[in-house]
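> below: sequence and its predicted model.
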Amino acid sequence: MPTTPASDTGPEPLDRVDLATRQPADLAGVAAADLARTAATVAGELLAPPASMRLGDVVPAPELVTPDAAADFTLPEDAVIRVAAAPAARDVAEQLAELLRPATGYPLPVTDSAPAHPNAPLMLTLSAAAQQGSESWQETAPGGAEIFQDLAPGGGEGYRLDVSGVGVRIIAGTAAGLFYGVQTLRQLLPAAVESATPVAERWVVPGGTIVDRPRFAYRGAMLDVARHFFPVEDVLRVIDHLARYKLNHLHLHLTDDQGWRIAIDAWPRLTEVGGTTEVGGGPGGWYTKDDYRRIVRHAARRHVTVVPEIDLPGHTNAALVAYPELAPGKVAPPPYTGTEVGFSYVDPTDERAYDFVADVLGEVAALTPGPWLHIGGDEAFKVKGEAYTGFIERAQELVAATGKTVIGWHQLAPAAHADGRVLQWWGTNGDDPVTAEAVRRGARLILSPAKHAYLDMKYTPDTPIGHDWAGLIDVRTAYDWDPAAHLADVPAEAVLGVEAPLWTESVTSLAEIEFMLFPRLPALAELGWSPPTTHDWEGFRARLAEHGPRWSAAGTTYHRSPEVPWPAEPTIPAPRSPRRTKTRQ
C-alpha cells in the first residue's frame, strides 16, 4: 500500500517493513533497539488474529475506504503517540490517549518531539504533511484528491487515516479533522476499548486507508433542559455521545414555561424563582455562569459548538412568574409544571420586554463563543400577525447587535430576513411554501423533521416513555430520508445541516436520555456526515449492530431495536490481569 510522504517536520514513514514479504524495507541507520521492536511487531502480526472490525465498519460511513487485508496493525503495550508540534493537535493526541488508556491499561505517552520516537506507531499530523500527501491520496483512494480541500490548512473537518502493519497515521488540515479521525480509529478497535477498566484483548486495527469529510457543516442534537433539568455532568456525557458520532453542535433549550435554566445577572429572579420548577413538580435547577462556561469548554475541546436557545416570545411562563411586568396585564401567572404549549408570551407592545430580551441575549452571547443564538419563536399562538413578526424582527436585530447570527424555529419564516438567518424546520409536511419563500429571501435551513428526527417520539407503541404525535420513530424511520431533498422547492445548497431534538417532557434521567438517543442518534449522524452514495439501510443496520457491545462496555443505556441484528449476547473480554515482575529463584 502506498504510504503518505512525511513533511520535513512530520512523522517518519510507516514503511520500514514490506507487508507483502515481511522483509525489512530500508534498515540503513536504524538503531538496534528499533530493529528489535520492528522484529517484534512483525512477529506479533504473524501470530495475531485478524482485526475484529472491517475497515468500512464505521458510523457515520466514511466517504472513501480502501482496505488492505495484509496491513492489520496491533497496538503494542509500549506504544507512544506522536503528534505535530501544535497545541491544538497535541490536545487531540491527549484525548486519544485518554480514550485508550482505561481499557488497554497501556501508558501511551504523548510526544511532539521532532525526531521520530523509536516506537511511536500512532501519529497525528496537521496540515503540512496533508499538503504533501495529496498525490499519494489520489493513488490509494480514487477521488481522494477531490477531498484535499477539506484537509488543507484552513480547510474543513476532513481527515485521512492510514493503517499499516507498523502503525496508524491520521492527517488533517485542522484539529477538528484530527479529532474525527480519532473517533474513526476508536471504532476500528475492538468493542472492549470502551471499557472503563483494563481488559485482556489484542488491540487490532484493520489495515488500509480512509479519506473522509462531512456532507453538511451543521450536524447537531438538541437537549431540552427546561422541561426537566439535567445537571452539568449529564450534559457533558451527552456532548461526549455527540462527538463520538462526529456531531458538532449541541443545541441547549434553556428556557420554557416549566423552567428558566441560565443565570442572568440583570434579571436574577429568572433562576431564583423561574428555575425552581419543572414538569411533574420536581425541584428544577439552573446553571450558574460558571456551570455554563464548563459546558462550553467541554464541548469546545470535542469540537462541539454550543447553541443556546432563549425561547421567545412564547414558552415564557417561568420568566413571567419571576417578572410579572413582562406579562400582558402585568399579572404573574402561577408556576407551570404541565406539558401543554402556546398559552404564555411576553408583551410585545411594552418596551420593557425588549430591554429584557436585550439584556438576556447580551449576557448569553458573552458566555457563548460560537456564532449562533437561537430565539425559538414557535407556538406563540396568542401573538398573531404583525405583532408576532414585529417582535421577531426586533429580536433578530438584538441578536445581530451581540455579534451573533440568529437561529429560530421555522415559524420565524414570515418575518423580514436578517443577514445569515437560519430557520430550524421541524414540520411534518414536506410541502411548506412559507419556509420555501423565506429561503428564496436568503434564509438557510437546519432540518429536524418531527417524523424522522424528533428523538422524544416512541420507538414502538409500548415504549415506556416518549410521545407519538408525530408518529413512531424506530431506527429505519430515523435513517430513511434525505435532508437535501426533504422540503419541496428548497435547493440542496440552502440546507446547512441536520439536528435531532430531544424534548424532555417524559424524560427524567441520564439513562432515559441515552435510551431515547440510542440507536437513533447514529442514524441522524450518518445523514449529516456521510455522502448520499453510502446511504444503504441494510449496510447501516449491520454496521450499527456492532455498536451494541460498545454501548454495553461503556455503560450506555440503549434500546435493542428489533430492526437491528444485534449480537446475541454482547461479549467483553475478561478483566486484564495486572503485570507481574519475575524474580530469580
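Structure received. Residues are numbered from 1 along each chain as shown.
> pLDDT score assigned to the residue nearest in space to the middle of the chain?
Centroid check for the chain by CA atoms, centre = their mean gives residue 247 as the closest residue, at 2.4 Å. pLDDT for residue 247: 98.
> can you check residue 224 too?
Confidence score, pLDDT, at residue 224: 99.
> do the same with residue 58
So, for residue 58, pLDDT stands at 98.
> tally of neighbours for it?
24 (other CB atoms under 10 Å). C-beta coordinates here come from the backbone N, C-alpha and C atoms, glycine included.
> buried residues in stretch 357-372?
For stretch 357-372, the buried set under the neighbour-count rule, 16 or more other CB atoms under 10 Å, comprises 357-358, 360-365, 367-368, 370, 372.
> what mean pLDDT does that stretch have?
Stretch 357-372 shows a mean pLDDT of 98.
> hey, C-alpha coordinates of that stretch in PDB?
Below are the C-alpha coordinates for stretch 357-372, written out as PDB (Å, rounded to 0.1, in the frame of the first residue of the first chain):
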ATOM      1  CA  VAL A 357     -34.600  40.500  25.600                       C
ATOM      2  CA  ALA A 358     -31.500  42.700  25.000                       C
ATOM      3  CA  ASP A 359     -30.100  42.000  28.500                       C
ATOM      4  CA  VAL A 360     -30.700  38.300  28.300                       C
ATOM      5  CA  LEU A 361     -29.300  37.800  24.800                       C
ATOM      6  CA  GLY A 362     -26.400  40.100  25.600                       C
ATOM      7  CA  GLU A 363     -25.300  38.100  28.600                       C
ATOM      8  CA  VAL A 364     -25.800  34.700  26.900                       C
ATOM      9  CA  ALA A 365     -23.900  35.900  23.900                       C
ATOM     10  CA  ALA A 366     -21.000  37.000  26.100                       C
ATOM     11  CA  LEU A 367     -20.800  33.500  27.500                       C
ATOM     12  CA  THR A 368     -21.000  31.700  24.200                       C
ATOM     13  CA  PRO A 369     -18.000  31.600  21.800                       C
ATOM     14  CA  GLY A 370     -20.000  30.000  19.000                       C
ATOM     15  CA  PRO A 371     -21.600  32.100  16.200                       C
ATOM     16  CA  TRP A 372     -25.300  31.300  17.000                       C
END
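> and it, how far out from the chain's middle?
Centre-to-centre, stretch 357-372 and its host chain are 22 Å apart (CA atoms, centre = their mean, to the nearest Å).
> what's the answer for stretch 317-328, then?
Averaging C-alpha positions (CA atoms, centre = their mean) puts stretch 317-328 35 Å from its chain's average.
> state the mean pLDDT of it.
98.
> what's in contact with it?
With contact meaning CB atoms under 8 Å, 6 or more residues apart in numbering, stretch 317-328 is reached by 226, 255-260, 267, 269-270, 272-275, 277, 316, 330-336, 343-347, 350, 352-353, 356.
> again, 7 Å this time
By CB atoms under 7 Å, 6 or more residues apart in numbering, the residues outside stretch 317-328 that reach it are 255-260, 267, 269-270, 273-274, 277, 330-333, 335-336, 344, 346-347, 352-353, 356.
> same question, stretch 493-501
216-222, 249, 251, 422, 424, 439, 444-448, 453-455, 483-484, 521, 524, 527-528.
> make a ChimeraX selection of whichever of those residues turn out to be buried.
Only the buried entries of the contacts of stretch 493-501 go into this ChimeraX selection, using 16+ other CB under 10 Å:
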select :216,218,219,220,221,222,249,251,422,424,439,444,445,446,447,448,453,454,455,483,484,521,524,527,528
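> so of the contacts of stretch 493-501, which ones are in strands?
Within the contacts of stretch 493-501, membership in strands is found for 218-222, 249, 251, 422, 424, 444-447, as judged by DSSP state E.
> how about these in TSV, adding distance to residue 198?
Output for the ones in strands among the contacts of stretch 493-501, formatted as TSV (distance: CB to CB, whole Å):
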residue	distance to residue 198
218	38
219	33
220	34
221	31
222	36
249	34
251	37
422	45
424	43
444	47
445	46
446	41
447	42
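> which residues sit in contact with the residue nearest to residue 262 when sequence neighbours are not counted?
Using CB to CB, 6 or more residues apart in numbering and skipping residues adjacent in sequence, the residue nearest residue 262 is residue 254, 4.8 Å away. By CB under 7 Å, 6+ apart, the contact list for residue 254 reads 225-226, 261-262, 308-310.
> and these, which is closest to residue 195?
residue 225 (29.4 Å; CB to CB).
> please tell me how far that closest one sits from residue 232.
Distance of residue 225 to residue 232, computed by CB to CB, to the nearest Å: 10 Å.
> between those two, which one's more packed in?
Higher neighbour count among residue 225 and residue 232: residue 225, with 26 against 16, using other CB under 10 Å.
> residues in contact with that one?
252-254, 261.
> do the same with residue 279
Residue 279 neighbours (CB under 7 Å, 6+ apart): 227-228, 258, 337, 339, 505.
> quick revisit: setting aside sequence neighbours, what's the nearest residue to the residue nearest to the centre of the chain?
Residue 247 sits nearest to residue 219 (CB to CB, 6+ apart), 4.8 Å away.
> the one you found contacts residue 250, doesn't it?
No. Residue 219 is not in contact with residue 250 according to CB atoms under 7 Å; the separation is 10.8 Å.
> top of the contacts of residue 225 by number of neighbours, please.
residue 261 (28 neighbours).
> where's it relative to residue 358, distance?
Residue 261 is 20 Å from residue 358, by CB to CB.
> what does residue 212 give?
Taking CB to CB, one finds residue 212 at 43 Å from residue 358.
> out of the contacts of residue 279, which is most surrounded?
Result: residue 258 is most packed of the contacts of residue 279 (other CB under 10 Å), 29 neighbours.
> next up, phi/psi of that residue, please.
phi -90, psi -10 (degrees, to the nearest 10).
> same deal with residue 122?
Backbone torsions of residue 122, given as degrees, to the nearest 10, read phi -110, psi 110.
> first-to-last residue distance for stretch 185-205?
Stretch 185-205 has its terminal residues 8 Å apart, counting by CA to CA, to the nearest Å.
> and it, how far out from the chain middle?
Distance, stretch centre to chain centre, for stretch 185-205: 21 Å (CA atoms, centre = their mean).
> give me the buried positions along it.
Neighbour count says stretch 185-205 has 185-195, 198-199, 201, 203-205 buried, by 16+ other CB under 10 Å.
> returning to that earlier point: now, the most widely separated pair of the ones in strands among the contacts of stretch 493-501?
Spatial extent of those (CB to CB) is set by the pair 221 and 444 at 18.7 Å.
> sorry, back to before: ok, the residue nearest to the centre of the chain to residue 394 distance?
32 Å.
> repeat for residue 270
From residue 270 to residue 394 the distance is 20 Å (CB to CB).
> looking at these two, which one has more neighbours?
Here residue 270 and residue 394 are compared on neighbour count by other CB under 10 Å; more neighbours surround residue 270, at 24 against 18.
> wait, doesn't the more buried one sit right on residue 255?
No. Between residue 270 and residue 255 there is no contact under CB under 7 Å: 8.2 Å.
> strands along the stretch 151-300 of the chain, start to end?
159-164, 167-172, 204-205, 208-212, 218-224, 249-253, 255-256, 259-260 (DSSP state E, counting those that start in this stretch).
> residue 303 is nearest to which of these?
strand 249-253 (10.1 Å).
> can you list contacts of the closest one?
With CB under 7 Å, 6+ apart as the criterion, strand 249-253 contacts 218-226, 239, 242, 299, 304-309, 374, 499.
> please export the C-alpha coordinates of that strand as CSV.
The C-alpha coordinates for strand 249-253 follow below in CSV (Å, rounded to 0.1, in the frame of the first residue of the first chain):
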residue,chain,number,x,y,z
HIS,A,249,-23.4,21.2,17.6
LEU,A,250,-25.3,20.9,20.9
HIS,A,251,-28.4,23.0,20.9
LEU,A,252,-29.4,23.6,24.6
HIS,A,253,-33.1,24.5,25.0
